[in-house]
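> next comes the sequence, and after it the predicted model I'd like to discuss.
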Protein chains: 2
Amino acid sequence: MKELYQRRAAAVRSRMKEMGLTSLILSETSALLYLTGEIIHPGERLTVLVIREKGPAFWVRNRLFPLKEGMGLTMDEAAETGSFADISFEDGEDSIKLLSRLLPAGKAGIDKTWPSHFLLSLMEERKDLSFVNGSPAVDQLRAVKDEEEIRAMRLASAINDRAMERISHWIHAGVTEKECAEKLLAIYKEEGAEGFSFPPIVSFGAHGADPHHMPDDTVLGEKESVLFDIGCRKDHYCSDMTRTFFLGEPSEEEKKVHDLVRRAGELAESMVRPGIPLSELDKAARDCIAGGGYGPCFTHRLGHFIGLKEHEEGEVSASSPLTAKPGMIFSIEPGIYLEGRFGVRIEDLVLVTDTGCEVLNHAPRGWRIS
Amino acid sequence: MKELYQRRAAAVRSRMKEMGLTSLILSETSALLYLTGEIIHPGERLTVLVIREKGPAFWVRNRLFPLKEGMGLTMDEAAETGSFADISFEDGEDSIKLLSRLLPAGKAGIDKTWPSHFLLSLMEERKDLSFVNGSPAVDQLRAVKDEEEIRAMRLASAINDRAMERISHWIHAGVTEKECAEKLLAIYKEEGAEGFSFPPIVSFGAHGADPHHMPDDTVLGEKESVLFDIGCRKDHYCSDMTRTFFLGEPSEEEKKVHDLVRRAGELAESMVRPGIPLSELDKAARDCIAGGGYGPCFTHRLGHFIGLKEHEEGEVSASSPLTAKPGMIFSIEPGIYLEGRFGVRIEDLVLVTDTGCEVLNHAPRGWRIS
């Protein structure tokens, strides 16, 4: 097994120790990718990677799914190579019983996304264990990116910058939101991305007031706002950026709102440095928008972490307990939403550095397509 | 609220009573669709529909997401109209605390797919409650389709029949598996389907020996087997069918294997009638294949239930506790997989009728494209 994955597994074990976990059951695709380099989508059948305080980590999986590279080892082989053992079952076997027999006494950490029916069955089998959300043991590591991850994140954002510029120059009165989404996918592929990192948000006019509007058949008018919240995936890592443009000359209020949102984001970005509580960034952007008279119209947290998933554990919000550390990457994305009229959101990804931050996005932030 | 959804909610309550549940927390998109007619994808934030023994059912959801039709009622309004009340929260609020305060004492049924971290937090808040998998209260209803559902399932399978005939006539030496998948999507759209019901399996030659092979850039040769396991979605309902063809004249063994798989499926289909244990269907098909000398090469259950999801709760397997009831729809899909060589699977959906079954698929089952 690659040294990188052995190092990550060791770091997870040391977090487990801090959390008092004797075992950790992982099922989320992005956690498995982080720890093994393999893309595995657990379907309805049990598929988990189990890390224990002592002894080799192991897969529990249905034999129906062919082995990936480096899988298929016995416990002894896994112990020798520092890799993962392979415990498999067939359709009709009780996979939870099989798993439960291999868990040591004590506190079991459970993947935050594990479907509840597995957990409830396991609790029934092992009444002697206590169960907690074990994902922080992996997520806290994932929140701080290493050099190779930072390289991939920069690359994904560079593609996103180019795509934003291309799509903003391509749009014209008469296109639909769905056509923009299709064009964007083609641009990403041409620029070397693997695809979307999330379904793109393309919102014309009043649709911009719904932060999660999904592209539909609405046609772009001659004089209208256009919000793109878009991201691609490159080498498994995600980008995510929002820009809001106006076709035709915007009204004074539209300009004012756009300017206020841009300033709120730039203010928060200027404050990022190691040690700052992330809640302070949220507060600064929120106060800035409130100062402009639009406080109640900024309806969501300022940002979220990102990496192998477009939203990772950790947020930039009033209730976030986190402080910035070098290597963290998160979004700064203030917005103002005026129902029935329009919405403006401007979003960048920032990387915390030793002295401040590096903004990963460089596409122009102005309302005019330039 | 439509009478259909009121009837379904009443049926769920009566199952809850049988299961001793005082509340039921639902989060799966297909369960929410079944009970409300709305497509709701719970993201990372808490989104649940809660049905209680007494009092109105209610949503718990983030205010960030706009209301769908008929949502937004107070508890009083919901009680009057027999609809669902709307309990909402904002980013930063503790949504699990909000939910926990509204749950009655007793046994809480939990959606089988609910992410474990929500359940673990709720267990921490409400140590007085007991928790079980509550999904059977909905899934047992969903297993038996009503007339409108049967209409949609027939329609989805009719489109699938046409698509299978069109794609099988379209293929030719030189195409790749991925190109077949793309062509298939275009065919589905032309035929009026909403899209795939699952990512299609297109397997050339030895790829057929992996039951879940994903389409890649492999090029089809002049003399090769082609396995299509495909399905579309129409009016929210899913189709699912598999055929295996040979380009060029197959070997004697290939013909023998194809014939054996076809006979095993037809045998199981001929046995379907109300009251038969589904495990007997699995056994009959398995014995048939074992009798032909390929027992160990049939590596999965005979079938699965299907409806709003491509795989629903309930299986046709050696360990299935179910017996056939009129209105049930499931797949019959025996297969033989010869590693490194080829694989054959033939799959139909069957609807249990009062006297036997109606096979929903009519595309020819032979190995020759006809």
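Nice, thanks for sending it over.

> where does residue A:280 land in three-state SS?
Look at residue A:280: counting by DSSP: H, G, I helix; E, B strand; the rest coil, its state is helix.

> what about the closest residue to it other than its chain neighbours, neighbour count?
Leaving aside its chain neighbours, residue A:280 sits nearest to residue A:271 (6.9 Å; criterion: CB to CB, 6 or more residues apart in numbering or on different chains). Where C-beta positions appear, they are placed from N, C-alpha and C, glycine not excepted. Neighbours of residue A:271 under the rule other CB atoms under 10 Å in any protein chain shown: 17.

> how about residue A:60?
Neighbours around residue A:60, by other CB under 10 Å: 21.

> what residues of the longest helix anywhere in chain A count as buried?
The residue-count maximum for a helix in chain A (DSSP state H) belongs to helix A:147-170. Neighbour counts using 16 or more other CB atoms under 10 Å in any protein chain shown place A:149-150, A:152-168 of helix A:147-170 among the buried residues.

> same question for stretch A:27-45.
Of the residues in stretch A:27-45, A:27-32, A:34-37, A:40, A:42 count as buried by neighbour count, 16+ other CB under 10 Å.

> end-to-end on it?
End-to-end distance for stretch A:27-45: 11 Å, by CA to CA, to the nearest Å.

> starting from the helix or strand harbouring residue A:343, tell me which strands it pairs with and how they run.
Here residue A:343 sits within strand A:342-345, counting by DSSP states H and E. Partners of strand A:342-345 in the sheet, by DSSP bridges, are strand A:335-338 (antiparallel).

> starting at the chain centroid, how far to the strand it pairs with?
In terms of CA atoms, centre = their mean, to the nearest Å, the centre of strand A:335-338 is set 23 Å apart from its chain centre.

> for the record, mean pLDDT for it?
What strand A:335-338 shows for mean pLDDT is 98.

> go on, stretch A:7-18?
In the prediction, stretch A:7-18 has an average pLDDT of 96.

> and stretch A:277-293, by the same measure?
Average pLDDT, stretch A:277-293: 98.

> for stretch A:28-44, same thing?
According to the model, stretch A:28-44 has a mean pLDDT of 91.

> again, but for stretch A:222-230
Taken as a whole, stretch A:222-230 has a mean pLDDT of 96.

> list the contacts of that stretch.
Outside of stretch A:222-230, the residues within contact range by CB atoms under 8 Å, 6 or more residues apart in numbering or on different chains are A:160, A:163-164, A:167-168, A:171, A:173, A:180, A:184, A:196, A:200-205, A:207-208, A:220, A:240-250, A:254, A:342-345, A:347.

> of the residues you listed, buried ones?
With burial judged by 16+ other CB under 10 Å, the buried subset of those is A:160, A:163-164, A:167-168, A:171, A:180, A:184, A:196, A:200-205, A:207-208, A:220, A:240-247, A:250, A:254, A:342-345, A:347.

> if we can go back for a sec, can you name every helix or strand that the following helix or strand past the strand holding residue A:343 contacts?
Sequence-wise, the next helix or strand downstream of strand A:342-345 (DSSP H and E) is strand A:348-352. The elements that strand A:348-352 packs onto, with contact taken as 3 or more CB pairs under 8 Å, 6 or more residues apart in numbering or on different chains; DSSP states H and E, are helix A:147-170, helix A:252-271, strand A:329-332, strand A:357-359.

> run the last query once more with 6 Å
Secondary-structure packing of strand A:348-352 (3 or more CB pairs under 6 Å, 6 or more residues apart in numbering or on different chains; DSSP states H and E): strand A:329-332, strand A:357-359.

> so which residues on chain A come close to chain B?
When proximity is defined by CB under 6 Å from any CB of the partner chain, chain A lies next to chain B at A:44, A:64, A:66, A:91-92, A:110, A:112-117, A:119-120, A:133, A:210, A:299-301, A:311, A:317-319.

> now the helix or strand of chain A with the lowest mean pLDDT, how far from the centre of its chain.
Here the helix or strand of chain A ranked lowest by mean pLDDT, DSSP states H and E is helix A:75-81, holding a mean of 90. In this view, helix A:75-81 has its centroid 33 Å away from the chain centroid, taken as CA atoms, centre = their mean.

> next: stretch A:304-315.
Remark: stretch A:304-315 is offset 3 Å from the chain centroid, using CA atoms, centre = their mean.

> gap between the two ends of it?
Terminal-residue distance, stretch A:304-315 (CA to CA): 4 Å.

> can you give the contact residues for that stretch?
Defining contact as CB atoms under 6 Å, 6 or more residues apart in numbering or on different chains, one finds that stretch A:304-315 is touched by A:30, A:33-34, A:139, A:142-143, A:197-198, A:231, A:236, A:238, A:240, A:301, A:322, A:330-331, B:44.

> my guess is residue A:86 contacts residue A:74. True?
No - using CB atoms under 6 Å, residue A:86 is not in contact with residue A:74, being 7.6 Å away.

> of these two, which one has the most company?
A count of neighbours by other CB under 10 Å puts residue A:86 above the other of residue A:86 and residue A:74, at 19 against 13.

> who's in contact with the helix or strand where that one lies?
For residue A:86, the host element (DSSP H and E) is strand A:85-89. Here strand A:85-89 makes contact (CB under 6 Å, 6+ apart) with A:56, A:58-61, A:63, A:71-73, A:75, A:78, A:95, A:98.

> how about the nearest residue to residue A:31, chain neighbours excluded?
residue A:138 (4.9 Å).
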